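1. Okay, predicted coordinates and the sequence, questions at the end:
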Amino acid sequence: MFNNELMADVHFIVGPPGASKKVPAHKYVLAVGSSVFYAMFYGDLAEVKSEIHIPDVEPAAFLILLKYMYSDEIDLEADTVLATLYAAKKYIVPALAKACVNFLETSLEAKNACVLLSQSRLFEEPELTQRCWEVIDAQAEMALKSEGFCEIDQQTLEIIVTREALNTKEVVVFEAVLNWAEAECKRQGLPVTPRNKRNVLGKALYLVRIPTMTLEEFANGAAQSDILTLEETHNIFLWYTAANKPKLEFPLTKRKGLVPQRCHRFQSSAYRSNQWRYRGRCDSIQFAVDKRIFIAGLGLYGSSCGKAEYSVKIELKRLGVVLAQNLTKFTSDGSSNTFSVWFEHPVQTVLMGLEYKEDKYLSSSSMHDAFHFDCFPILLCTLRDFSILLQNSTAVWNVMLLTYLLHQAIK
């Protein structure tokens, strides 16, 4: 009976004028599945018209809503899931709304996190909001540079720019704000000029912590952007260099970001006895987690025979697919300390049951047969009810995991 004229006793004209679609339905079926439809058809102010106009819902989303109410089947797609969530919220169909939120959580990544944050606030979905913050905090640079960031509303912009836990440089925040201002000028049909960008930003400009940039970053970026007044630019330069610093309207304290946490594979180890000779093989560990985390890099041990420089290639793999890699160098001082090697951007993992594999390739430029010590995972996180399962591979255990765990995001 879904989307069928047979015995239909009501029709909906769904969508805006010029893009609407006529949808047949049955009052009894809809009233059983939604209290809103019940009030619409059988309440004290019941509709008596045979056609009901719904201009604020997309036709595709409305059909998904009706299909669920007729058959309990949920067919969600990325292009229509937000519109479907809106329809489910409007007509109070909580099971469908929950399915939409779950779908959005599984597809959440840096490039859409800001848009979904805006929508989750609109739909009052705190769990989705929290997940968005986890991604935005850990992968702040990618999130702020995404096209989706330029699509958010001004209130969401201000909330993001205020965020204490953003794990990125302030110059990235400033550039993102300018990109948003340019997009907003175009949305409002305004010429893209420094004056107009400043006007559309409003107080959001004064939420950027410009004084926490380095002097070089400010001089080569914000100072030449034309978005600041001459007086503001002059005062900020004085704030950097003068003993008697002027008062500024911008926040002066640096963002806290996310604190690195090390996930230790062993409670203790014998520094001088647990050694083996490196022979150019690949070292790796496998791990699984019971919370979504962000892998930031690896902690590596080095030589036990004095100072040595290493070339290192690190990779994060899942099912043989490389998710992230970095080729760099680090210098070992001969101590038992670990040396952090970071990916360019933190990588989000999935839940326990899907294993990841970290592969490390080392070559010493100053010691052909350097000794190495065992290593352990490192976390960048706030630890709350978190478990990580580590397994040895067939290769040498010389790897330590550096991770952002955002189960409990920093406010």
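-> Arrived safely. Numbering: from 1, shown residues only.
2. Could you list the residues in contact with stretch 109-126?
-> 82, 85-86, 89, 97, 101, 104, 108, 128-129, 132-133, 135-136, 139, 142-144, 146-149, 151-153, 156, 159-160, 345, 348 (C-beta atoms under 8 Å, 6 or more residues apart in numbering). Placement of C-beta: from N, CA and C, glycine included.
3. List buried residues within those residues.
-> Among those, those classed as buried by 16 or more other C-beta atoms under 10 Å are 82, 85-86, 89, 97, 101, 104, 108, 128-129, 132-133, 135-136, 139, 142-144, 146, 148-149, 151-152, 156, 159-160, 345, 348.
4. Restricted to strands, list those residues.
-> Counting by DSSP state E, the members of the buried ones among the contacts of stretch 109-126 that fall within strands are 345, 348.
5. right, and the secondary structure at residue 284 would be what?
-> Under the three-state scheme (DSSP: H, G, I helix; E, B strand; the rest coil), residue 284 adopts strand.
6. cool, the one 4 residues further on as well?
-> In three-state terms, and counting by three-state DSSP, residue 288 is strand.
7. Distance check, it against residue 250.
-> 44 Å (C-beta to C-beta, to the nearest Å).
8. Between its first and last residues, what's the separation in stretch 193-206?
-> Taking C-alpha to C-alpha, to the nearest Å as the measure, stretch 193-206 stretches 18 Å from start to finish.
9. Flag every buried residue along it.
-> For stretch 193-206, by 16+ other C-beta under 10 Å, it's 196-198, 200-201, 204-206.
10. what's the answer for stretch 110-122, then?
-> 110-121.
11. Can you name the next helix or strand after the helix or strand residue 12 falls within?
-> Assigned by DSSP states H and E, residue 12 falls within strand 10-14. Heading C-terminal from strand 10-14, the first helix or strand you meet, by DSSP H and E, is strand 21-25.
12. residues of that following strand that come out buried?
-> 23-25.
13. nearest to residue 257, of the residues you listed?
-> residue 23 (49.4 Å; C-beta to C-beta).
14. can I assume the closest one is in contact with residue 10?
-> No. Counting by C-beta atoms under 8 Å, residue 10 is not a contact partner of residue 23; they are 9.3 Å apart.
15. Contact partners for residue 91?
-> 34, 36-37, 65.
16. And the pLDDT at it?
-> Residue 91 carries a pLDDT value of 96.
17. And the strands in the stretch 201-350 of the chain, which stretches?
-> Assigned by DSSP state E, counting those that start in this stretch, the stretch 201-350 of the chain shows strands spanning 260-262, 275-277, 283-289, 293-300, 308-318, 321-332, 339-348.
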